[in-house]
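Student: Using only what follows, build the 3D model:
(2 chains)
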Amino acid sequence: MTIATPVTVSAAAAAAPTPPDAGGSWRATSEAIALPLAALALALLLFGVFIAAIGKDPFEVFRLIYKGGFSTAFAWQNTLQRAAPLVLTALCVALPAQAGLIVIGGEGALVLGALAAAFVGQLLDGLSPLVVQMGMALAGSVTGGLWITGCGALRQFRGVNETISSLLLTYIAIALFNHFVEGPLRDPASLNKPSTLPIGEHNMVGALPGLDVHWGLGYGIVFCILAFVVVRATTHGFALRVVGGNVRAARLVGLPVNRLVLAACFLGGAAAGLAGMAEVAAVHGTANASLIAGYGYAGILVAFIARHNPLAIVPVAILLGGINASGGMLQRRMELPDATVLVLQGIAFMTILASEAWYGRLRIFQAGERA
Amino acid sequence: MDSRKPDFSRRTVLRTLALGGTAAALGPAWMRQAMAADKITVGVIYVGPKDDYGYSQAQAQAAAAIKKLPGVTVVEQEKVAETTDVQKVMASMIEEDGASLIFPTSFGYFDPHMLKMAEKYPKVRFAHCGGLCSEGKHPANTGSYFGYIDECQYLNGIAAGHASKTGKLGFIAAKPIPQVLRNINAFTLGAQSVNPKITTQVIFTGDWLLPVKEAEASNSLIDQGVDVITMHVDSPKVIVETCERRGIFVCGYHADQSALAPKGYLTGAEWNWLTPYTEHVKAALAAKPMLNFQRGGLKEGFVKTSAYGKAVSEGARKQADGVKAQMIKGDYAIFKGPLKDNTGKVVIPGGTVQKQTDIVLEQMNYLVAGVIGKV
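Tutor: I've put the predicted structure just below:
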């Protein structure tokens, strides 16, 4: 197969899979690890220059980022907790990306998944907690899945750009969420903070055993591993990557392109919907405006830095979680503004995207073909 | 950094307790018996930026003032979401900075976030802004403070009533919840005490921080002939600036925005959080019991008004100051019968007076006659 050798840097190339049949695949793997790491190192360097330019000590900043994000057991739990929702929302970008779509509407799938989960949670209350939780997970993921499938369908059948439609649909999703939370599903007791009826403490999913991190992280890691296996080791996954690599070739060989695209969208949306369910079932116990916290948007960053590789999403989410966790320490110890960590994230995003240009161009990773 | 060194031992102890899970086993009697100390680290958490000219800035001003008290170290974090993020921020302040008094200042930080942390760290005091704590129901180390800011909105209304030529006022609000409705109604009643025919057009934007929508709402109100606007959103900056640019009057909210509208700023309803902050810090330093519930208006020093702007007439000042003096004495009730809502229904029958502390006012679900809008 020669379909998947990205030559130009474009959105499609960013979404393209690595060659499935690369001879000497360890070289491809090391390339896929070394390049993003080099890009991150460059980002840290640029960030250091930025910090020095505003008159603060960059080394102290780096020390605090390490201290606040990765030094102690407490810091690690802080980091992992912040990574948890990002793992799932990143999948909402990474899975459709396998089919060549750039979906950025995970936030909409998350809030509607949360709403559906909260509704089903109060509906099933009284049954065994496990049944309630499974019902909530199902409701959340199906709702989120259908929402993003809508974007996929608009693209496949009506020619609407999925990036724009998924973004705009997010505003509609949030409006629907607010309508139901402040209207038909409002708990009359929630006076100054409109919320749905609580699902009840007994129906909440707790923390991961031995950790102060909720189950959302567990769902996310399992979902990532499953997604990786499906994408990399099944014929469906292979077909999906063919669609993403070259849709005309895929049509030519008779692949069911529409079905594959919609399935990828559904799974991605389901991941984001599950993140919404975790916010309700593990954190808030109810659906209210607090869970519209921008996790869906942060997931876009994670997926792109992970180059849409489901397995790479986990470490990238942890890295971003750590940077967010340490952002607090930067504020409290150095009185740097909240935006400081956003600057770092922005620089990292740019350097990683720019590093795409180097794939397949560095001789050190190509030696296998010459020997 | 050196000033934090003495806290290391306490922090280590706390961490050991938390990790060992023994904290819960120690019993409530022990928890209350915190030792008196001469030093304290206070953590303050804001939902928006500290310089938002609004809700968070009002809190940050109090935090900046208690910084100056002897023995007080303040650590602050801004733009913290009402998710597990805030739980981790509270825990970080306790574990990493040794904070023993936390002010989680956003309404949404309360349930479940602050309650969870309060159970986990029974030795730390948590003082929440919003007035939800009730004894017996919530952990003993939690408390809430809030102010009757509708008193100041009533005074805003008096100033607005005098300044308006068209008799049309505007109110830009986030959500139709009781706290907000109470402000809209108080503002309107204040204006109607000047001119009973005055109306208030209300626009709900749907959320606490939507600068673009707030600017659009201001412009559309002004286009309809409204000539004084006030608001209840997290950051009034955009509204105040738009009013100044369009040449109409504006009454502020949360903090002092007079610098943004030197010509049109009449007065404003401001929080004075320094009062509850100081009380909490003093109680913590003296190891007195946690203050579980604090409320107050002008009388107790929980709220204040901005200085009058140039455009406020002598007559307006006189009337507003007169009412303010009565409020400070504690014998002025804003909500008294007979009062009708804007659908014609009697909401407070004649002869009934609802004082500030009346719990009925906290469930307000109507707009008074003269307000154009729907809950």
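Student: Phi first, then psi, for residue 279.
Tutor: I went with chain A, as the question did not name one. Main-chain dihedrals, A:E279, degrees, to the nearest 10: phi -60, psi -40.
Student: Quick one: residues contacting it.
Tutor: A:85, A:110, A:114, A:216, A:291, A:295, B:83 (Cβ atoms under 8 Å, 6 or more residues apart in numbering or on different chains). Glycine gets a C-beta too; all of them are placed from N, C-alpha and C.
Student: Apply 7 Å and report the result again.
Tutor: Listed by Cβ atoms under 7 Å, 6 or more residues apart in numbering or on different chains, the contact set of A:E279 reads A:85, A:114, A:291.
Student: near chain A, which residues of chain B show up?
Tutor: With the criterion set to Cβ under 7 Å from any Cβ of the partner chain, chain B comes near chain A through B:75-79, B:81-85, B:88-89, B:92, B:95-97, B:107-108, B:112, B:177-179, B:206, B:362-363.
Student: let's go with 6 Å and repeat that
Tutor: Residues of chain B lying close to chain A by Cβ under 6 Å from any Cβ of the partner chain are B:75, B:77-79, B:81-84, B:88-89, B:92, B:95, B:97, B:108, B:177-179.
Student: Whatever residue of the stretch 251-371 of chain A ends up closest to chain B: neighbour count?
Tutor: Residue nearest to chain B within the stretch 251-371 of chain A: A:S290 (3.7 Å; Cβ to the nearest Cβ). Residue crowding around A:S290 was assessed by other Cβ atoms under 10 Å in any protein chain shown; the count is 24.
Student: Please apply the same query to A:D338.
Tutor: Using other Cβ under 10 Å, A:D338 has 18 other residues around it.
Student: Could you measure from it over to A:P310?
Tutor: 30 Å (Cβ to Cβ, to the nearest Å).
Student: now B:V238
Tutor: For B:V238, the distance to A:P310 - Cβ to Cβ - is 41 Å.
Student: Chain B contacts on the stretch 51-200 of chain A?
Tutor: Residues of the stretch 51-200 of chain A lying close to chain B by Cβ under 6 Å from any Cβ are A:74, A:78, A:81, A:191-192.
Student: elements contacting whatever helix or strand B:G268 lives in?
Tutor: In this assignment (DSSP states H and E), B:G268 forms part of strand B:265-271. In this structure, strand B:265-271 packs against helix B:150-163, strand B:249-254, strand B:303-305, with contacts taken as 3 or more Cβ pairs under 6 Å, 6 or more residues apart in numbering or on different chains; DSSP states H and E.
Student: Put together TSV for those, with mean neighbour count on each row.
Tutor: Converted to TSV, the helices and strands packed on strand B:265-271 look like this (neighbours: other Cβ atoms under 10 Å in any protein chain shown):
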stretch	mean neighbour count
helix B:150-163	28
strand B:249-254	30
strand B:303-305	23
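Student: of these, which approaches A:W26 most closely?
Tutor: The closest of the helices and strands packed on strand B:265-271 to A:W26 is strand B:249-254. By Cβ to Cβ, the value is 59.5 Å.
Student: Dump the closest one to PDB, keeping only the CA atoms.
Tutor: Below are the C-alpha coordinates for strand B:249-254, written out as PDB (Å, rounded to 0.1, in the frame of the first residue of the first chain):
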ATOM      1  CA  PHE B 249     -26.200  57.200  32.300                       C
ATOM      2  CA  VAL B 250     -25.200  54.000  34.100                       C
ATOM      3  CA  CYS B 251     -25.300  52.600  37.600                       C
ATOM      4  CA  GLY B 252     -22.500  50.200  38.600                       C
ATOM      5  CA  TYR B 253     -22.600  46.800  40.200                       C
ATOM      6  CA  HIS B 254     -20.200  44.600  42.200                       C
END
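Student: Just the angle for it relative to helix B:150-163, thanks.
Tutor: For strand B:249-254 against helix B:150-163, the angle by axes from the mean of the first three to the mean of the last three Cα atoms, to 10 degrees is 170 degrees.
Student: List the strands paired with strand B:249-254, with their directions.
Tutor: Here strand B:249-254 is paired, per DSSP bridges, with strand B:228-232 (parallel), strand B:265-271 (parallel).
Student: roughly how far is the strand holding B:G268 from the heart of the chain?
Tutor: 13 Å (Cα atoms, centre = their mean, to the nearest Å).
Student: what residues are up against the residue lying closest to A:Y171 once chain neighbours are set aside?
Tutor: The spatially closest residue to A:Y171, leaving aside those adjacent along the chain, is A:G108, at 7.9 Å (Cβ to Cβ, 6 or more residues apart in numbering or on different chains). By Cβ atoms under 6 Å, 6 or more residues apart in numbering or on different chains, the contact set of A:G108 is A:147, A:169-170, A:173.
Student: out of those residues, which are inside helices?
Tutor: A:147, A:169-170, A:173 (DSSP state H).
Student: Identify the farthest-apart pair in those.
Tutor: A:W147 and A:T170, at 9.2 Å, using Cβ to Cβ across these.
Student: Mean pLDDT added to the helices and strands packed on strand B:265-271, as CSV?
Tutor: Output for the helices and strands packed on strand B:265-271, formatted as CSV (pLDDT from 0 to 100):
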stretch, mean pLDDT
helix B:150-163, 98
strand B:249-254, 98
strand B:303-305, 97
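Student: just how off-centre is whatever helix or strand A:S165 lives in within its chain?
Tutor: Taking DSSP H and E as the criterion, the element that holds A:S165 is helix A:162-182. Remark: helix A:162-182 is offset 18 Å from the chain centroid, using Cα atoms, centre = their mean.
Student: For the stretch 1-150 of chain A, which segments count as helices?
Tutor: All helices of the stretch 1-150 of chain A, identified by DSSP state H, counting those that start in this stretch, fall at A:11-15, A:25-53, A:58-66, A:73-98, A:106-124, A:129-158.
Student: Mind splitting chain B into its structural domains?
Tutor: Following automatic domain parsing, chain B resolves into domains at B:2-147+B:273-296, B:150-271+B:333-372.
Student: re earlier: let's verify the residue of the stretch 251-371 of chain A closest to chain B: helix, strand, or coil?
Tutor: helix (DSSP: H, G, I helix; E, B strand; the rest coil).
Student: what's the weakest-modelled helix or strand in chain B?
Tutor: helix B:28-32 (a mean of 39; mean pLDDT, DSSP states H and E).
Student: ok, for B:Y53, nearest residue in space, not its chain neighbours?
Tutor: Closest residue to B:Y53 apart from its sequence neighbours, by Cβ to Cβ, 6+ apart: B:K237 at 4.2 Å.
Student: Also A:G48?
Tutor: Nearest residue to A:G48, sequence neighbours excluded (Cβ to Cβ, 6+ apart): A:P58, at 3.8 Å.
Student: Quick check: the gap between that neighbour and chain B.
Tutor: Using Cβ to the nearest Cβ, to the nearest Å, A:P58 is found at 17 Å from chain B.
Student: which SS state does the residue of chain B found nearest chain A fall under?
Tutor: In chain B, the residue found nearest to chain A is B:E82; the distance is 3.7 Å by Cβ to the nearest Cβ. Assigned state for B:E82: coil (three-state reduction, three-state DSSP).
Student: and it, what does it touch?
Tutor: Residues near B:E82 by Cβ under 6 Å, 6+ apart: A:290, B:108-109.
Student: Next, format those as CSV and append distance to B:V353 and pLDDT.
Tutor: Below are these laid out as CSV (distance: Cβ to Cβ, whole Å; pLDDT from 0 to 100):
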residue, distance to B:V353, pLDDT
A:S290, 36, 92
B:G108, 33, 92
B:Y109, 34, 95
